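J.: kindly return the folded structure for what I paste below:
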Amino acid sequence: MSYDPKHARFYGILDTTYVKTNQWVKKCQALLDGGADIVQLRAKKESHDERVKLLEKILPLFNKKLERLIINDDLELTLKYPKLGLHIGQDDTPPSEARSRMGPDRLLGLSSHSLEQAEEAIAHGQILNYFCIGPVFATMTKADYTPVGLNLLRAVSQLKTDLPLFSIGGINRYNLRSIKDAGAKRVVVVSDVLCAKDTAAVVRDIRTTFAN
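T.: Below is the predicted model of the structure:
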């Protein structure tokens, strides 16, 4: 695999909830200009065909770094293109099935929302390339989920594993320090960067916080 998410600090999500179609390419470029290590395409409400169109708009921006582009919960779309990765939730395609169909060389990540689910992700360490814990704080992106809080993040961060962990959910520039103090080394920030006027600058600021 040509990219190891252990080296990542900032994971950006290009989400149709916050980004209009006419801003799609511009916002994706801003994430990359700011130094996003990984970018996920998340279009929950769109059809498969609509996701294809959104994907093809941004593919040229990644040039030789296609392995850093992740598709949210659409295995069939991922398989249509070489190198793209996949992110799955607890109720999506099982990790073992996704890995079997994707082969060994694409990134595969899993969401977790409890200590038990985090331990399960770690147990799949030979199948997954990273996992997320969240939502740490309340977020409109995951309005139906109860925030897991800093205590769970702290507990998961202390688990012994080489599998990279990303914190996600309601994270912004103003609570970033509490995330880091709880043990986070990598973050996913969505609305705070996508809704910012200068997305690239906000991404750079967040990466600076996690540079060491």
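J.: only C-alpha atoms from now on, for both contacts and neighbour counts.
T.: OK.
J.: show me what the top helix by length along the chain is packed against.
T.: For the chain, the helix that runs over the most residues, judged by DSSP state H, is helix 48-62. In terms of contacts (3 or more C-alpha pairs under 8 Å, 6 or more residues apart in numbering; DSSP states H and E), helix 48-62 is packed against helix 24-34.
J.: can you name the next helix or strand after the helix it packs on?
T.: strand 38-42 (DSSP states H and E).
J.: next, the angle helix 48-62 makes with that next one.
T.: 160 degrees (axes from the mean of the first three to the mean of the last three C-alpha atoms, to 10 degrees).
J.: between helix 24-34 and strand 38-42, find me the angle.
T.: Using the same axes, to 10 degrees: strand 38-42 against helix 24-34 is 160 degrees.
J.: other residues contacting strand 38-42?
T.: Contacts to strand 38-42, defined as C-alpha atoms under 8 Å, 6 or more residues apart in numbering, come from residues 8, 10-16, 31, 55, 68-72.
J.: which strands border it, and is each parallel or antiparallel?
T.: strand 10-15 (parallel), strand 69-72 (parallel) (DSSP bridges).
J.: including distance to Tyr145, could the ones you listed go into TSV?
T.: Shown next, in TSV, are these (distance: least, C-alpha to C-alpha, whole Å):
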stretch	distance to Tyr145
strand 10-15	18
strand 69-72	18
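J.: figure out which of these is closest to Asn172.
T.: Taking C-alpha to C-alpha, strand 10-15 is the member of the strands paired with strand 38-42 nearest to Asn172, at 12.0 Å.
J.: so where's this structure shaky on pLDDT?
T.: 1, 140-143, 212 (pLDDT under 70).
J.: the same query, at a cut-off of 90, please.
T.: 1-3, 63-64, 92, 138-146, 210-212 (pLDDT under 90).
J.: which residue ranges form the strands in it?
T.: 10-15, 38-42, 69-72, 85-88, 108-112, 130-133, 165-167, 187-189 (DSSP state E).
J.: who touches the first one?
T.: Translated: strand 10-15. Contacts of strand 10-15 (C-alpha under 8 Å, 6+ apart): 24, 27-28, 31, 35-43, 166, 186-190, 194, 203, 206-207.
J.: CA-only coordinates of it in CSV, if you can.
T.: Taking C-alpha atoms only, strand 10-15 is exported to CSV below (Å, rounded to 0.1, in the frame of the first residue of the first chain):
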residue,chain,number,x,y,z
PHE,A,10,-6.0,15.7,9.3
TYR,A,11,-8.7,13.7,7.6
GLY,A,12,-11.2,15.9,5.6
ILE,A,13,-14.7,14.9,4.6
LEU,A,14,-16.2,16.5,1.5
ASP,A,15,-19.9,16.3,2.5
